[in-house]
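# Provided below are the primary sequence and the corresponding predicted coordinates.
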Amino acid sequence: MDRLDGKVALITGSARGQGAAFARSFVAEGAEVVLADIMDDDGKLLADELGESAVYQHHDVTDEQSWDEAVRTAVDSFGKLNVLVNNAGILKWSPMHRVSLEDYMSVITVNQVGCFLGMKAVIRPMREAGGGSIINQSSTSGLEGMAGVISYSASKFAVRGMTKTAALELGRFGIRVNAVCPGGINTQMGNPFEQQGEELQKNYEMNPIPRIGSPEEVAGLMVFLASDESSFCTGADFVVDGGYTVGKNPMYQPKT
């Protein structure tokens, strides 16, 4: 289990959900990890669980100075920075005509501006480390529209666009930049009503893989993109959605 031996990663939104799964998988594969989040209690508990290979850093992705502090923590704690996972994000449900500008901008600021600030902050330390991998968390809502989440969808489309621009600019420095687009994943954000069993799975019956995904399934892709196995991959969208964006299965027959 050494696919990430020698790598130092900064993972935002890593106190719980997908980010926590990424952190566990990275450490299991030999990486040292800075857990960055605003949820201090959960983040510290996870750092304690992961031991000497992880440190927790309180981090607001919308604040440029906070980014400088998080990067400094990585370099001071582990000597360098090779991987950034821009995972932190928020989602607010509302039909467009009821969305206030304040609510719209709050999502854009975390999901889109936070991603921009993160990429900008790691360029220097990654160049000093001889290269690196930036992995930006987009969504299937960044591949197609979704009613009720106009700000979230806008931010995730923007993440994909920024990913491609950054890949063009940073490739010459040995820095790869890719986007991951998960579909329905069983986390607090992806399953806010904590549905279980048939009640949960019926929402995905028309997918080619007819179930919700797990955070660990996304983590497997993150490990690949953080590792040297993906050394020729940059500027790409990696979709992990059980086939949701492929289309609906015309042979599907609902249960009677």
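Yep, it's here.
# residues in contact with the one helix or strand in the chain whose mean pLDDT sits lowest?
Every helix and strand of the chain was ranked by mean pLDDT, DSSP states H and E. The lowest is helix 197-201, at a mean of 75. Residues from elsewhere that reach helix 197-201, judged by CB atoms under 8 Å, 6 or more residues apart in numbering: Asn186, Asn191, Pro210, Arg211, Ile212. All C-beta atoms are positioned from the backbone trio N, CA, C, and that covers glycine.
# can you give me the helices in the protein?
17-28, 40-50, 64-78, 101-108, 114-128, 150-170, 197-201, 215-226 (DSSP state H).
# And those: which comes nearest Leu91?
helix 150-170 (4.9 Å; CB to CB).
# rewinding a little: among the helices of the chain, which comes closest to Lys7?
Nearest of the helices of the chain to Lys7, taken as CB to CB: helix 215-226 at 6.3 Å.
# For that closest one, list every residue counted as buried.
Residues of helix 215-226 classed as buried under the neighbour-count rule (16 or more other CB atoms under 10 Å) are Pro215, Glu217, Val218, Ala219, Leu221, Met222, Val223, Phe224, Leu225, Ala226.
# Closest one to Thr140 out of those residues, please.
Sorting the buried residues of helix 215-226 by how near they are to Thr140, with CB to CB, puts Val218 at the top with 11.9 Å.
# State the distance from that closest one to His59.
Using CB to CB, to the nearest Å, Val218 is found at 21 Å from His59.
# For the nearest residue to Ser151 once chain neighbours are set aside, give me its contacts.
In space, and not counting its chain neighbours, Ser151 is closest to Val107: 3.8 Å by CB to CB, 6 or more residues apart in numbering. Contact analysis of Val107 by CB under 8 Å, 6+ apart lists Ile90, Leu91, Lys92, Ser151, Tyr152, Ser155.
# and these as JSON lines, adding distance to Arg16, neighbour count and pLDDT?
Listed next are the contacts of Val107 as JSON lines, based on distance: CB to CB, whole Å; neighbours: other CB atoms under 10 Å; pLDDT from 0 to 100:
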{"residue": "Ile90", "distance to Arg16": "13", "neighbour count": "15", "pLDDT": "96"}
{"residue": "Leu91", "distance to Arg16": "14", "neighbour count": "19", "pLDDT": "94"}
{"residue": "Lys92", "distance to Arg16": "18", "neighbour count": "15", "pLDDT": "94"}
{"residue": "Ser151", "distance to Arg16": "22", "neighbour count": "24", "pLDDT": "97"}
{"residue": "Tyr152", "distance to Arg16": "19", "neighbour count": "23", "pLDDT": "97"}
{"residue": "Ser155", "distance to Arg16": "20", "neighbour count": "27", "pLDDT": "98"}
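# got these as JSON lines, with distance to Gln112 columns?
Formatted as JSON lines, these follow (distance: CB to CB, whole Å):
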{"residue": "Ile90", "distance to Gln112": "11"}
{"residue": "Leu91", "distance to Gln112": "13"}
{"residue": "Lys92", "distance to Gln112": "14"}
{"residue": "Ser151", "distance to Gln112": "9"}
{"residue": "Tyr152", "distance to Gln112": "10"}
{"residue": "Ser155", "distance to Gln112": "4"}
